[in-house]
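Peer 1: Fold the following and give me the result.
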Amino acid sequence: MEGMIPYFAVALLYAGLGAYFWRRTWHAGSYGGTAVTDKSAQALRSLAVLPPLAGHGLLLQASVFSPFGLDFGISNAISAIAWLIVATYWLVNLRYRMEAMLALALPLAAVSALLPAFLPSPHLLPHSSLPLFKLHLAISMLAYSLLSIAALHALLMALVEKRLHEKTLLATFVGMPPLLTMEHLLFQIIGAGFALLTLTLGSGILFSEELFGKPLQLSHKTIFAVISWAAFAGLLVGRHVYGWRGRTAIRWTLAGFALLLLGYLGSKFVLEVVLGRA
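Peer 2: Residues are numbered from 1 along each chain as shown. The predicted model follows:
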């Protein structure tokens, strides 16, 4: 039970901060407009995210880097992606006012941080000592995290757009950046995530050649990753050529992320949880 205490501490800090950010950004009317734009208060709120983020990172280091190799079961994978999402939004929040997204990401991180303790699914990765594999893994985790952020961002944009049509935005989204700024940021995130996803597929091909002597193994994960890559490529081309934006961009973003989610976490869930294969 003592080993659970650090996980509970990190989860409680995440959850408490998430509730605070939720009240402040999604129901900010009760705080008044000046509190939302106070630079010193915003800096303190950003600093408050660092302790649970650092604690979560230490827990991940202990659970992923085992003496026998990299342990990257589904629980550790989800926890690592959640950590990267919070870390990325923390960095983005230094430039843009994205506390509304932290309000969404922090509760997800609270649940994800507990998974390695309550639902352990050991999965030692073969060939984890190879430098190329470590590079491939790092790039792929960053790609999945950025595209997860893009999906959350697209959902928030859809909600903001709906509230704009209902003329209820001011009552619930005080301190949010303008919708055009959010859309610009969405495509910046997608562009970076797409570049990393491209590198993930490319490094996967190189890694496969080094191990098996053939370019790419067709698998459930690979097929969905390629289809997801094509979806995001189509979205970026549509944006550049046809000026896609708004609901079209949101739908393509969510479709591409759903395919990626099915390919990566879906296959890990079936293999490790349903079939019980390490």
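
Peer 1: and the residue lying closest to I190 once chain neighbours are set aside, what does it touch?
Peer 2: Nearest residue to I190 in three dimensions, chain neighbours excluded: A150, at 5.0 Å (CB to CB, 6 or more residues apart in numbering). For the C-beta atoms, the positions are set from N, CA and C on the backbone; glycine is no exception. Applying CB atoms under 8 Å, 6 or more residues apart in numbering, we find A150 in contact with 186, 189-190, 193, 253, 257.

Peer 1: Now do the buried residues in the helix or strand containing A54.
Peer 2: Per DSSP states H and E: A54 is located in helix 39-64. Neighbour counts using 16 or more other CB atoms under 10 Å place 42, 45, 49, 52-53, 55-56, 59-60, 63-64 of helix 39-64 among the buried residues.

Peer 1: By pLDDT, give me the weakest of those.
Peer 2: pLDDT across the buried residues of helix 39-64 is at its lowest for Q42, which sits at 76.

Peer 1: ok now the helix or strand encompassing R247, how far from the chain's centre?
Peer 2: Element membership of R247 [criterion: DSSP H and E] is helix 246-261. Put simply, helix 246-261 sits 14 Å off its chain's centre (CA atoms, centre = their mean, to the nearest Å).

Peer 1: Mind giving me the packing neighbours of it?
Peer 2: Packing partners of helix 246-261 (3 or more CB pairs under 8 Å, 6 or more residues apart in numbering; DSSP states H and E): helix 131-166, helix 179-212, helix 220-242.

Peer 1: For L125, see how far away F72 is.
Peer 2: Here the criterion is CB to CB, to the nearest Å. By it, F72 lies 5 Å from L125.

Peer 1: So which of the two has more stuff around it?
Peer 2: Comparing F72 with L125 by other CB atoms under 10 Å, the one with more neighbours is F72, at 20 against 15.

Peer 1: Provide a list of residues in contact with the more buried one.
Peer 2: Contact analysis of F72 by CB under 8 Å, 6+ apart lists 64, 80, 123, 125, 137.

Peer 1: And for the second one, the neighbour number?
Peer 2: Read that as A80. Neighbourhood size, A80 [other CB under 10 Å]: 22.

Peer 1: The one 10 residues further on too?
Peer 2: W90 is surrounded by 17 other residues when neighbours are defined as other CB under 10 Å.

Peer 1: Return the distance of it relative to S140.
Peer 2: From W90 across to S140, the span is 21 Å (CB to CB).

Peer 1: Brilliant, that's me finished.
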